[in-house]
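okay, sequence plus prediction incoming.
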Amino acid sequence: MGEKTKKKGSISYAKWGYIFIAPFFIIFAVFQLIPLISTIYYSFFEYYRSGLKVIGPNFAGLKNYITLFSTDLPKYFSNTLILWIIGFIPQIAISLLLAAWFTDLRLKLKGQTFFKTVIYMPNLIMASAFAMLFFALFSDNGPVNAVLISMGWITEPISFLNTVWGNRALVGLMNFLMWFGNTTIMLMAAIMGVDPTLYEAAELDGCTPNQMFWKITIPLIRPILVYVMITSMIGGLQMFDVPQILTNGKGGPDRTSTTMIMYLNNHLFSKNYGMAGAVSVVLFLVCAVLCVVVYFSLTKEDDGLTKAQHNELKAAKKIAAKAAKGGK
(Lines give C-alpha, C1' and ligand atoms only; values in the text may rest on other atoms or scores of the structure.)
Protein backbone atom coordinates (compact mmCIF):
# COMPACT_ATOMS: atom_id res chain seq x y z
CA MET A 1 0.00 0.00 0.00
CA GLY A 2 2.84 2.36 0.89
CA GLU A 3 4.53 1.78 -2.49
CA LYS A 4 1.26 2.43 -4.40
CA THR A 5 0.68 5.69 -2.50
CA LYS A 6 4.24 6.79 -3.27
CA LYS A 7 3.81 6.11 -6.99
CA LYS A 8 0.53 8.06 -7.11
CA GLY A 9 2.06 11.03 -5.28
CA SER A 10 5.26 11.15 -7.39
CA ILE A 11 5.83 14.23 -9.58
CA SER A 12 6.84 13.89 -13.23
CA TYR A 13 9.10 16.63 -14.52
CA ALA A 14 9.10 15.33 -18.11
CA LYS A 15 6.37 17.79 -19.09
CA TRP A 16 8.68 20.74 -18.39
CA GLY A 17 10.99 19.63 -21.19
CA TYR A 18 8.08 19.80 -23.64
CA ILE A 19 7.03 23.19 -22.26
CA PHE A 20 10.53 24.65 -22.76
CA ILE A 21 10.85 23.42 -26.37
CA ALA A 22 7.24 24.30 -27.26
CA PRO A 23 8.02 27.97 -28.23
CA PHE A 24 10.42 26.79 -30.94
CA PHE A 25 7.89 24.42 -32.50
CA ILE A 26 5.11 27.03 -32.28
CA ILE A 27 7.24 29.68 -33.99
CA PHE A 28 8.46 27.16 -36.56
CA ALA A 29 4.89 26.07 -37.36
CA VAL A 30 3.53 29.64 -37.65
CA PHE A 31 6.37 31.25 -39.60
CA GLN A 32 7.84 28.34 -41.60
CA LEU A 33 5.72 25.20 -41.74
CA ILE A 34 2.37 26.86 -42.52
CA PRO A 35 3.87 29.17 -45.20
CA LEU A 36 5.66 26.14 -46.72
CA ILE A 37 2.42 24.15 -46.91
CA SER A 38 0.62 27.21 -48.30
CA THR A 39 3.30 27.62 -50.99
CA ILE A 40 3.00 23.98 -52.06
CA TYR A 41 -0.79 24.28 -52.05
CA TYR A 42 -0.95 27.41 -54.22
CA SER A 43 1.61 26.02 -56.68
CA PHE A 44 -1.25 23.88 -58.09
CA PHE A 45 -3.53 26.89 -58.59
CA GLU A 46 -3.90 29.72 -61.07
CA TYR A 47 -3.61 32.73 -58.81
CA TYR A 48 -2.38 36.13 -59.96
CA ARG A 49 -3.26 39.81 -60.15
CA SER A 50 -4.20 41.55 -63.40
CA GLY A 51 -4.34 45.27 -62.68
CA LEU A 52 -6.84 45.72 -59.87
CA LYS A 53 -8.49 42.37 -60.57
CA VAL A 54 -7.42 39.20 -58.76
CA ILE A 55 -7.64 36.00 -60.84
CA GLY A 56 -8.19 32.85 -58.85
CA PRO A 57 -7.31 30.85 -56.99
CA ASN A 58 -8.47 28.36 -59.62
CA PHE A 59 -7.17 24.79 -59.51
CA ALA A 60 -4.78 24.22 -62.44
CA GLY A 61 -3.10 20.93 -61.53
CA LEU A 62 0.43 20.66 -62.93
CA LYS A 63 -0.03 23.53 -65.38
CA ASN A 64 2.34 25.83 -63.47
CA TYR A 65 5.06 23.18 -63.40
CA ILE A 66 4.68 22.39 -67.11
CA THR A 67 4.86 26.08 -67.95
CA LEU A 68 7.83 26.48 -65.65
CA PHE A 69 9.93 23.78 -67.31
CA SER A 70 9.06 25.07 -70.77
CA THR A 71 10.75 28.38 -69.88
CA ASP A 72 14.45 29.08 -69.23
CA LEU A 73 14.42 27.60 -65.71
CA PRO A 74 17.20 25.03 -66.49
CA LYS A 75 19.34 27.92 -67.70
CA TYR A 76 18.78 29.85 -64.48
CA PHE A 77 19.56 26.74 -62.45
CA SER A 78 22.85 26.23 -64.32
CA ASN A 79 23.66 29.93 -63.83
CA THR A 80 23.13 29.55 -60.08
CA LEU A 81 25.35 26.46 -59.86
CA ILE A 82 28.13 28.11 -61.90
CA LEU A 83 28.08 31.24 -59.73
CA TRP A 84 28.19 29.11 -56.57
CA ILE A 85 31.06 26.90 -57.81
CA ILE A 86 33.14 29.92 -58.90
CA GLY A 87 32.95 31.28 -55.36
CA PHE A 88 33.04 28.02 -53.40
CA ILE A 89 36.15 26.36 -54.86
CA PRO A 90 38.59 29.16 -53.87
CA GLN A 91 36.64 29.61 -50.63
CA ILE A 92 37.17 26.04 -49.40
CA ALA A 93 40.77 25.90 -50.68
CA ILE A 94 41.88 29.17 -49.03
CA SER A 95 39.94 28.40 -45.85
CA LEU A 96 41.59 24.98 -45.46
CA LEU A 97 45.02 26.50 -46.05
CA LEU A 98 44.50 29.32 -43.54
CA ALA A 99 42.95 26.99 -40.96
CA ALA A 100 45.93 24.62 -41.23
CA TRP A 101 48.38 27.52 -40.85
CA PHE A 102 46.64 29.16 -37.91
CA THR A 103 46.32 25.87 -35.99
CA ASP A 104 49.88 24.65 -36.64
CA LEU A 105 51.80 25.33 -33.43
CA ARG A 106 55.14 24.65 -35.09
CA LEU A 107 54.81 27.71 -37.35
CA LYS A 108 54.39 30.07 -34.36
CA LEU A 109 52.58 32.68 -36.45
CA LYS A 110 52.38 36.11 -34.84
CA GLY A 111 49.34 38.36 -34.89
CA GLN A 112 46.88 35.51 -35.38
CA THR A 113 44.09 37.33 -33.56
CA PHE A 114 44.47 40.34 -35.85
CA PHE A 115 44.37 38.25 -39.03
CA LYS A 116 41.40 36.20 -37.80
CA THR A 117 39.48 39.44 -37.20
CA VAL A 118 40.43 40.87 -40.59
CA ILE A 119 39.42 37.82 -42.61
CA TYR A 120 36.08 37.62 -40.78
CA MET A 121 35.20 41.31 -41.20
CA PRO A 122 33.85 41.01 -44.82
CA ASN A 123 31.23 38.62 -43.45
CA LEU A 124 29.84 41.47 -41.36
CA ILE A 125 29.33 43.75 -44.38
CA MET A 126 25.89 43.71 -45.98
CA ALA A 127 25.81 42.04 -49.38
CA SER A 128 24.08 45.06 -50.89
CA ALA A 129 26.89 47.38 -49.73
CA PHE A 130 29.47 44.90 -51.03
CA ALA A 131 27.77 44.75 -54.43
CA MET A 132 27.60 48.55 -54.69
CA LEU A 133 31.31 48.75 -53.80
CA PHE A 134 32.25 46.29 -56.55
CA PHE A 135 29.93 48.05 -58.99
CA ALA A 136 31.85 51.28 -58.38
CA LEU A 137 35.31 49.65 -58.42
CA PHE A 138 34.90 47.58 -61.60
CA SER A 139 32.81 49.93 -63.72
CA ASP A 140 34.24 51.07 -67.07
CA ASN A 141 35.44 54.34 -65.53
CA GLY A 142 36.20 52.85 -62.12
CA PRO A 143 39.44 52.78 -60.12
CA VAL A 144 40.41 49.24 -61.22
CA ASN A 145 40.44 50.14 -64.92
CA ALA A 146 42.17 53.44 -64.16
CA VAL A 147 44.99 51.66 -62.29
CA LEU A 148 45.41 49.02 -65.02
CA ILE A 149 45.61 51.70 -67.73
CA SER A 150 48.08 53.83 -65.72
CA MET A 151 50.33 50.78 -65.24
CA GLY A 152 50.27 50.13 -68.98
CA TRP A 153 48.75 46.65 -68.69
CA ILE A 154 45.74 47.56 -70.85
CA THR A 155 45.07 50.28 -73.41
CA GLU A 156 41.26 50.34 -73.17
CA PRO A 157 38.96 49.87 -70.16
CA ILE A 158 37.77 46.31 -69.55
CA SER A 159 34.00 46.08 -69.38
CA PHE A 160 33.77 43.66 -66.46
CA LEU A 161 30.05 44.21 -65.94
CA ASN A 162 29.08 43.74 -69.60
CA THR A 163 30.86 40.44 -70.29
CA VAL A 164 29.53 37.03 -69.29
CA TRP A 165 32.54 35.66 -67.41
CA GLY A 166 33.61 39.07 -66.15
CA ASN A 167 30.23 39.45 -64.45
CA ARG A 168 30.22 35.90 -63.12
CA ALA A 169 33.78 36.29 -61.84
CA LEU A 170 32.81 39.39 -59.87
CA VAL A 171 29.84 37.59 -58.29
CA GLY A 172 32.05 34.61 -57.39
CA LEU A 173 34.76 36.92 -56.00
CA MET A 174 32.24 38.71 -53.79
CA ASN A 175 30.81 35.47 -52.45
CA PHE A 176 34.35 34.23 -51.77
CA LEU A 177 35.38 37.39 -49.90
CA MET A 178 32.17 37.48 -47.87
CA TRP A 179 32.23 33.88 -46.65
CA PHE A 180 35.79 32.51 -46.59
CA GLY A 181 36.41 34.06 -43.15
CA ASN A 182 33.40 32.30 -41.65
CA THR A 183 34.46 29.01 -43.24
CA THR A 184 38.02 29.45 -41.94
CA ILE A 185 36.80 29.92 -38.36
CA MET A 186 34.68 26.75 -38.53
CA LEU A 187 37.50 24.68 -40.03
CA MET A 188 39.92 26.00 -37.39
CA ALA A 189 37.54 24.85 -34.66
CA ALA A 190 37.33 21.42 -36.30
CA ILE A 191 41.13 21.05 -36.61
CA MET A 192 41.66 22.18 -33.02
CA GLY A 193 39.35 19.35 -31.94
CA VAL A 194 41.68 16.71 -33.39
CA ASP A 195 43.73 14.85 -30.78
CA PRO A 196 47.31 16.30 -30.86
CA THR A 197 48.78 12.91 -29.95
CA LEU A 198 47.85 11.66 -33.42
CA TYR A 199 50.13 14.26 -35.00
CA GLU A 200 52.90 13.50 -32.50
CA ALA A 201 52.72 9.77 -33.26
CA ALA A 202 52.68 10.43 -37.01
CA GLU A 203 55.68 12.75 -36.70
CA LEU A 204 57.61 10.08 -34.80
CA ASP A 205 56.78 7.62 -37.59
CA GLY A 206 58.36 10.01 -40.11
CA CYS A 207 55.22 11.45 -41.71
CA THR A 208 55.58 14.75 -43.52
CA PRO A 209 53.22 17.69 -42.77
CA ASN A 210 51.57 17.11 -46.15
CA GLN A 211 50.88 13.46 -45.31
CA MET A 212 49.53 14.36 -41.87
CA PHE A 213 47.19 16.93 -43.42
CA TRP A 214 45.68 14.55 -45.98
CA LYS A 215 45.77 11.33 -43.92
CA ILE A 216 44.83 12.67 -40.47
CA THR A 217 43.35 16.16 -40.61
CA ILE A 218 41.05 15.82 -43.63
CA PRO A 219 39.46 12.46 -42.62
CA LEU A 220 38.86 13.61 -39.04
CA ILE A 221 37.26 16.95 -39.97
CA ARG A 222 35.10 15.43 -42.70
CA PRO A 223 31.83 16.00 -40.76
CA ILE A 224 32.55 19.74 -40.63
CA LEU A 225 33.53 19.73 -44.31
CA VAL A 226 30.20 18.09 -45.15
CA TYR A 227 28.39 20.70 -43.06
CA VAL A 228 30.27 23.56 -44.75
CA MET A 229 29.58 22.22 -48.24
CA ILE A 230 25.87 21.59 -47.62
CA THR A 231 25.23 24.97 -46.01
CA SER A 232 27.26 26.70 -48.72
CA MET A 233 25.29 24.88 -51.41
CA ILE A 234 21.96 25.88 -49.87
CA GLY A 235 23.12 29.49 -49.63
CA GLY A 236 24.46 29.37 -53.20
CA LEU A 237 21.19 28.05 -54.63
CA GLN A 238 19.39 30.85 -52.77
CA MET A 239 21.77 33.51 -54.11
CA PHE A 240 19.94 36.77 -54.83
CA ASP A 241 21.20 40.06 -53.41
CA VAL A 242 24.72 40.16 -54.92
CA PRO A 243 23.81 39.48 -58.60
CA GLN A 244 20.55 41.42 -58.26
CA ILE A 245 22.29 44.64 -57.20
CA LEU A 246 25.42 44.16 -59.32
CA THR A 247 23.41 43.69 -62.53
CA ASN A 248 20.59 46.07 -61.58
CA GLY A 249 18.14 43.16 -61.59
CA LYS A 250 18.82 42.30 -65.26
CA GLY A 251 21.08 39.29 -64.67
CA GLY A 252 24.04 40.54 -66.67
CA PRO A 253 24.52 40.09 -70.40
CA ASP A 254 21.88 37.79 -71.88
CA ARG A 255 20.62 36.82 -68.37
CA THR A 256 23.74 34.71 -67.73
CA SER A 257 23.86 35.89 -64.11
CA THR A 258 20.15 35.46 -63.40
CA THR A 259 19.67 33.05 -60.50
CA MET A 260 16.63 30.99 -59.56
CA ILE A 261 15.70 33.35 -56.72
CA MET A 262 15.92 36.33 -59.11
CA TYR A 263 13.53 34.46 -61.40
CA LEU A 264 11.27 33.76 -58.41
CA ASN A 265 11.39 37.43 -57.42
CA ASN A 266 10.17 38.43 -60.87
CA HIS A 267 7.07 36.27 -60.42
CA LEU A 268 6.46 37.60 -56.92
CA PHE A 269 6.78 41.12 -58.28
CA SER A 270 4.20 40.32 -60.95
CA LYS A 271 1.92 38.85 -58.21
CA ASN A 272 1.85 35.47 -59.98
CA TYR A 273 1.54 33.48 -56.75
CA GLY A 274 0.89 30.14 -58.43
CA MET A 275 4.03 30.27 -60.59
CA ALA A 276 6.09 31.66 -57.71
CA GLY A 277 4.93 28.73 -55.56
CA ALA A 278 5.95 26.27 -58.28
CA VAL A 279 9.42 27.85 -58.51
CA SER A 280 9.77 27.65 -54.71
CA VAL A 281 8.78 23.98 -54.65
CA VAL A 282 11.24 23.14 -57.44
CA LEU A 283 14.02 25.02 -55.64
CA PHE A 284 13.19 23.20 -52.39
CA LEU A 285 13.33 19.79 -54.09
CA VAL A 286 16.58 20.61 -55.90
CA CYS A 287 18.21 21.71 -52.61
CA ALA A 288 16.97 18.57 -50.83
CA VAL A 289 18.18 16.18 -53.55
CA LEU A 290 21.61 17.81 -53.89
CA CYS A 291 22.11 17.91 -50.12
CA VAL A 292 21.25 14.21 -49.79
CA VAL A 293 23.61 13.30 -52.67
CA VAL A 294 26.46 15.38 -51.22
CA TYR A 295 25.91 14.00 -47.71
CA PHE A 296 25.97 10.34 -48.68
CA SER A 297 28.80 10.73 -51.20
CA LEU A 298 31.05 12.49 -48.67
CA THR A 299 30.19 10.34 -45.65
CA LYS A 300 30.30 6.93 -47.38
CA GLU A 301 34.05 6.56 -46.95
CA ASP A 302 33.88 8.02 -43.45
CA ASP A 303 31.30 5.43 -42.39
CA GLY A 304 33.50 2.63 -43.67
CA LEU A 305 36.49 4.02 -41.82
CA THR A 306 34.49 4.35 -38.63
CA LYS A 307 33.34 0.74 -38.84
CA ALA A 308 36.90 -0.47 -39.38
CA GLN A 309 38.11 1.55 -36.43
CA HIS A 310 35.21 0.21 -34.39
CA ASN A 311 36.16 -3.37 -35.23
CA GLU A 312 39.81 -2.71 -34.37
CA LEU A 313 38.72 -1.18 -31.06
CA LYS A 314 36.62 -4.24 -30.22
CA ALA A 315 39.54 -6.54 -31.06
CA ALA A 316 41.89 -4.45 -28.91
CA LYS A 317 39.43 -4.61 -26.00
CA LYS A 318 39.24 -8.42 -26.27
CA ILE A 319 43.04 -8.70 -26.26
CA ALA A 320 43.27 -6.37 -23.28
CA ALA A 321 40.61 -8.38 -21.41
CA LYS A 322 42.46 -11.66 -22.06
CA ALA A 323 45.71 -10.09 -20.92
CA ALA A 324 44.05 -8.85 -17.75
CA LYS A 325 42.66 -12.32 -16.99
CA GLY A 326 46.05 -13.87 -17.64
CA GLY A 327 47.69 -11.39 -15.26
CA LYS A 328 45.26 -12.33 -12.53
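Structure received. Predicted model only: the values in this text are computed from it and were never measured.

roughly how far apart are the most centrally placed residue in the chain and residue 88?
Among the residues of the chain, the one closest to the centroid is residue 232, at 1.5 Å (C-alpha atoms, centre = their mean). Taking C-beta to C-beta, to the nearest Å as the measure, residue 232 falls 5 Å from residue 88. Every C-beta, even on glycine, is put in place using the N, C-alpha and C of the backbone.

what of residue 53?
Taken as C-beta to C-beta, the span from residue 53 to residue 88 is 45 Å.

of these two, which one has the most company?
The neighbour count for residue 53 versus residue 88, taken as other C-beta atoms under 10 Å, is higher for residue 88 (22 against 7).

for residue 47, give me phi and psi.
Here is the backbone geometry of residue 47 (degrees, to the nearest 10): phi -150, psi 100.

that one contacts residue 273, doesn't it?
Yes: judged on C-beta atoms under 8 Å, residue 47 makes contact with residue 273 at a distance of 4.5 Å.

need the overlap of contacts for the two.
The contact sets of residue 47 and residue 273 overlap at residue 57 (C-beta atoms under 8 Å, 6 or more residues apart in numbering).

now the strands: where do they sit in the stretch 1-150 of the chain?
Per DSSP state E, counting those that start in this stretch, the stretch 1-150 of the chain carries strands over the ranges 45-50, 53-59.

for residue 217, which non-adjacent residue is closest in space?
residue 191 (6.0 Å; C-beta to C-beta, 6 or more residues apart in numbering).

the one you found and residue 98 touch, don't they?
No: counting by C-beta under 8 Å, residue 191 does not reach residue 98; the two are 10.7 Å apart.

so who does residue 46 touch?
55, 56, 57, 58, 59, 60, 63, 64, 274.

which ones are touching the residue nearest to the fifth one when sequence neighbours are not counted?
Setting aside the residues directly before and after it, residue 59 is nearest to residue 45 in space (C-beta to C-beta, 6+ apart), at 5.7 Å. By C-beta under 8 Å, 6+ apart, residue 45 lies in contact with 56, 57, 58, 59, 60, 64, 273, 274, 277.
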